[in-house]
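In: I'd like to go over a predicted model; first the sequence, then the structure.
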Amino acid sequence: MKRLSYVVMVLGLACTTTLHAQEVNSGGVESLRGTATLDETKKAETMKRVIKDKNPIARNYVHQPPMVPHQTRGYRVDLNSNKCLTCHGWKYAAETGATKVSLTHFETRDGKTLSDVSPRRYFCSQCHVTQADAKPLVDNTFEPVESLGNE
């Protein structure tokens with residue numbers, strides 16, 4: 001009898017776990033993967049057309065990292081080199097007409113000001129992204145902060 005109870009308990013637990021896993025996977029919410037499961041490989045989307053060089057893009061909220069209004073494909077940003085700083089570094093910004101790196105990029109986590117870009121702000125593409133001519137991936141009802149004067 002004990003053995004039968006044990007088998008029934010194990011089977012019940014296995015069924016519950018399987019049903020729970022299926023429920024968690026879908027959850028009734030569609031992700032950016034669509035209906036594809038994690039073990040399926042979908043065909044890659046076509047590359048979106050990057051917008052041509054243009055004026056800086058308006059920001060929608062305070063402390064929003066500026067969007068990059070030009071192509072960055074092939075820009076090297078690694079431990080030894082940062083292509084972005086050849087135009088946006090303070091030394092070159094006036095000459096190139098590029099936006100200067102913000103003063104906040106020279107501060108350490110502890111608020112100490114450095115003479116060069118802080119290591120935590122060195123890898124530009126962690127926050128700044130190139131704009132592409134692409135439709136939104138999901139519906140968006142975001143409204144920009146009125147005080148920024150965006151329309």
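Out: Now that the structure is in, tell me what you want to look at.
In: now the strands for the chain?
Out: Per DSSP state E, the chain carries strands over the ranges 49-50, 77-78, 81-82, 132-133.
In: quick one: low-confidence parts of this structure?
Out: Across the chain, the ranges flagged by pLDDT under 70 are 1, 15-30, 148-151.
In: what about the helices in it?
Out: Along the chain, counting by DSSP state H, helices occupy 2-26, 85-88, 93-96.
In: Relative to residue 50, how far out is residue 116?
Out: Distance of residue 116 to residue 50, computed by Cβ to Cβ, to the nearest Å: 29 Å. To be clear about C-beta, it is placed using only N, CA and C from the backbone, and glycine gets the same treatment.
In: The two: who's more crowded?
Out: Set side by side, residue 116 and residue 50 show more neighbours around residue 50, with 17 against 11, by other Cβ atoms under 10 Å.
In: The more buried one reaches residue 129, doesn't it?
Out: No - taking contacts as Cβ atoms under 8 Å, residue 50 lies outside contact range of residue 129: 10.6 Å.
In: overlap in contacts of those two?
Out: Common neighbours of residue 50 and residue 129, counting by Cβ atoms under 8 Å, 6 or more residues apart in numbering, are absent.
In: List the single closest residue to residue 36 in space, sequence neighbours excluded.
Out: residue 42 (5.0 Å; Cβ to Cβ, 6 or more residues apart in numbering).
In: Pull up the gap between the one you found and residue 136, please.
Out: Going from residue 42 to residue 136 by Cβ to Cβ gives 19 Å.
In: Tell me who's in contact with residue 69.
Out: Applying Cβ under 8 Å, 6+ apart, we find residue 69 in contact with 51, 53, 54, 55, 56, 57, 131.
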